[in-house]
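Q: quick one, structure for this:
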Amino acid sequence: MADKEGSEFVVKWDGPDDPGCPLNTPTWRKWAMTIILAVSCQCVTCCSSMAGSTYGGMMPEFGVSREVCVLSISLFVAGLGVGPLFLGPVSEFIGRARVMHVAFLAFFLFNFPVAFANNIAVHLIFRFLTGFGGSAFLSVSGGAISDVFPNAKVGTPMMIFSAAPFIGPVLGPLISGFINQNTYWRWTYYVIIIWAFVMLVLLLVFVPETYDPELLRRRAVLKRKETGDERYKSPRELANKSFSSALSHSLKTPFVLLSTQLMVLFLDLWSAIILGILYLSFGGVPYVFRTQYGFDLQQSGLAFLGIGLGQVIAVGTQPYFNRKYRETAKAAGGLAPPEARLVAGMYGAVLAPLGLLLFGLTSFPNVPWIIPILSTMFFGMGMVYAYTSTFTYLVDAYRPVAASALASNSFLRSAFAAGFPLFGNQMYEQLGAVGGSCLLAGLMALCIPLPFVFHKIGGRIRERSAFAAS
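A: All right, here's what the predicted structure looks like:
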């Protein structure tokens, strides 16, 4: 269908039942895409933390210290943070599928020099590039799910997809611990390569283009070829937006938000501290269980099951918070204020430091090892609640610049996640399990007021913002 607009014919969908519209994708394919995208995201985020168990093999082979090996995690996560700033705008011009396919192909290929590197420099450089490639996939893939599911039905698939980036880093030490306890450290990356290859094939076969503006552009190109009439244009072609302006906006706006919007800054710092502590734990938790309980590598990996269990529980309770949000929206006349998204964050703000405190106070040889493991469950729950509430709040409150608001969050989170592992082991060596964990709990406790304060006064702050939604 094409509507006349000035001298141009604007190409649109042929009504709500147009088979080319992404919302009319067959149900089986929608769910196949959801599972494939979720597991692919899990592969990328799992790769970030799997390096934590390889240090024992890398140090003698490359002749470097443990601190240098830790850069394998830090540089990967740095790539995850920087990538979306440069690669995010690309999907606006070539569509989501091409970005996802090329990005995941880069992630797959860059893992080969990581696995087969004969010196530490090559290994670390390609760890950064692997993270950079994986970041584009993470930043674009969620949009593909919202493309094919209508708003009324997107909740469950998005909940499944959103769990993957949380659970992936926790699976990393568990898988890597078993590998490095029983075989050569490079098998950590061989496993990632095999996993990534399987997911790449599935992505190419089952995940087509879903981005509405790109599909309409392709339809307009086909229409021009069929008719020879150059006046057939898609809405995106008529907008005439340049790539350079989109890239400039993508690079500049996240930092403008961080420097001018207090709510963005503090909520981003909150989620950044949580992710920093999670990545610090990939060195800290094995150290505690090795020194206090005599755990080996694979047993130390199993110690992360507590965090993973907490994350699964938190994801499972999301329907409760979704229902509370709908009730608030109904009471407000159909549209809830963005601050209603922070309710889950209130729980997360309390649970995260509680889990860290309990972990520190129970990590003694005379306390059964299962107790400190279960205590980390509260941290896992708190992390998911904090993240989901922060992400949804930033999208709702800063809808005109939602992509930039999320990019600012991703950048700051990755910066903290890259930096915290560099001092995790030293901190626990100096302060012990109790001192180190209580210090982290205290840091998290400072953030407890944030969701409560912004839930109360966020609306007034938004009224004075040039970026926030009215």
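Q: list the contacts of I457.
A: With Cβ atoms under 8 Å, 6 or more residues apart in numbering as the criterion, no residue contacts I457. Where C-beta positions appear, they are placed from N, C-alpha and C, glycine not excepted.
Q: against L262, how distant is it?
A: Distance of I457 to L262, computed by Cβ to Cβ, to the nearest Å: 11 Å.
Q: G15: which element?
A: For G15, there is no host helix or strand (DSSP states H and E).
Q: and the protein, what are its domain boundaries?
A: Using automatic domain parsing, the domain parsing of the chain gives 26-209, 243-461.
Q: first vs last residue of the shortest one, how far apart are they?
A: End-to-end distance for domain 26-209, by Cα to Cα, to the nearest Å: 14 Å.
Q: now for the residue lying closest to F379 once chain neighbours are set aside: which residues touch it?
A: Leaving aside its chain neighbours, F379 sits nearest to G355 (3.2 Å; criterion: Cβ to Cβ, 6 or more residues apart in numbering). By Cβ under 8 Å, 6+ apart, the residues touching G355 are G310, S375, T376, M377, F378, F379, G380, M381, G382.
Q: G458 - nearest residue in space that isn't next to it in sequence?
A: E339 (4.4 Å).
Q: how near is that neighbour to M346?
A: E339 is 11 Å from M346, where distance means Cβ to Cβ.
Q: what does stretch 302-318 contact?
A: Contacts with stretch 302-318, where a contact means Cβ under 8 Å, 6+ apart, come from 159, 162-163, 166-167, 170-171, 173-174, 177, 278, 281, 285-286, 289, 295, 344, 355, 369, 372-385, 388.
Q: send the alpha carbons of that stretch over as PDB?
A: The C-alpha coordinates for stretch 302-318 follow below in PDB (Å, rounded to 0.1, in the frame of the first residue of the first chain):
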ATOM      1  CA  LEU A 302      29.300 -24.300  41.800                       C
ATOM      2  CA  ALA A 303      29.400 -21.700  44.500                       C
ATOM      3  CA  PHE A 304      27.700 -19.300  42.100                       C
ATOM      4  CA  LEU A 305      24.600 -21.400  42.000                       C
ATOM      5  CA  GLY A 306      23.200 -19.200  44.800                       C
ATOM      6  CA  ILE A 307      23.300 -16.100  42.800                       C
ATOM      7  CA  GLY A 308      21.800 -17.900  39.800                       C
ATOM      8  CA  LEU A 309      19.000 -19.300  41.900                       C
ATOM      9  CA  GLY A 310      18.200 -15.800  43.200                       C
ATOM     10  CA  GLN A 311      18.100 -14.500  39.600                       C
ATOM     11  CA  VAL A 312      15.700 -17.300  38.500                       C
ATOM     12  CA  ILE A 313      13.400 -16.600  41.500                       C
ATOM     13  CA  ALA A 314      13.400 -12.900  40.700                       C
ATOM     14  CA  VAL A 315      12.600 -13.500  37.000                       C
ATOM     15  CA  GLY A 316       9.800 -15.800  38.100                       C
ATOM     16  CA  THR A 317       8.300 -13.100  40.300                       C
ATOM     17  CA  GLN A 318       8.200 -10.500  37.500                       C
END
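Q: quick check: buried residues in it?
A: The neighbour-count check on stretch 302-318 (16 or more other Cβ atoms under 10 Å) flags 302-312, 314-315, 318 as buried.
Q: let me have the residues you listed in a markdown table, extended by distance to A38.
A: Listed next are the buried residues of stretch 302-318 as a markdown table, based on distance: Cβ to Cβ, whole Å:
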| residue | distance to A38 |
| --- | --- |
| L302 | 23 |
| A303 | 25 |
| F304 | 19 |
| L305 | 20 |
| G306 | 22 |
| I307 | 19 |
| G308 | 15 |
| L309 | 18 |
| G310 | 19 |
| Q311 | 14 |
| V312 | 14 |
| A314 | 16 |
| V315 | 11 |
| Q318 | 15 |
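Q: so of those residues, which ones are in strands?
A: Among the buried residues of stretch 302-318, DSSP state E puts none in strands.
Q: between these, which is nearest C47?
A: Comparing these against C47 with Cβ to Cβ places F304 closest, at 15.4 Å.
Q: number of nearby residues for the residue nearest to G458?
A: 21 (other Cβ atoms under 10 Å).
Q: quick one on the thing from earlier: now list the buried members of the contacts of stretch 302-318.
A: 162-163, 166-167, 170-171, 173-174, 177, 278, 281, 285-286, 289, 295, 344, 355, 369, 372-385, 388.
Q: of the residues you listed, which belong to strands?
A: Per DSSP E, the buried ones among the contacts of stretch 302-318 never map to strands.
Q: return the subset of the residues you listed lying in helices.
A: Under the assignment DSSP state H, the buried ones among the contacts of stretch 302-318 contribute 162-163, 166-167, 170-171, 173-174, 177, 278, 281, 285-286, 289, 344, 355, 372-385, 388 to helices.
Q: so how far is the helix or strand harbouring D268 off the chain centroid?
A: Using DSSP H and E, D268 falls within helix 262-293. The chain centroid and the centroid of helix 262-293 are separated by 15 Å under Cα atoms, centre = their mean, to the nearest Å.
Q: which of the residues in it are buried?
A: So for helix 262-293, counting by 16+ other Cβ under 10 Å, buried means 263-264, 267-289, 292-293.
Q: what does stretch 317-336 give?
A: Q318, F321, Y325, T328, A336.
Q: likewise for stretch 212-224?
A: Quick answer for stretch 212-224 (16+ other Cβ under 10 Å): D212, P213, E214, L215, L216, R217, R219, A220, K223, R224.
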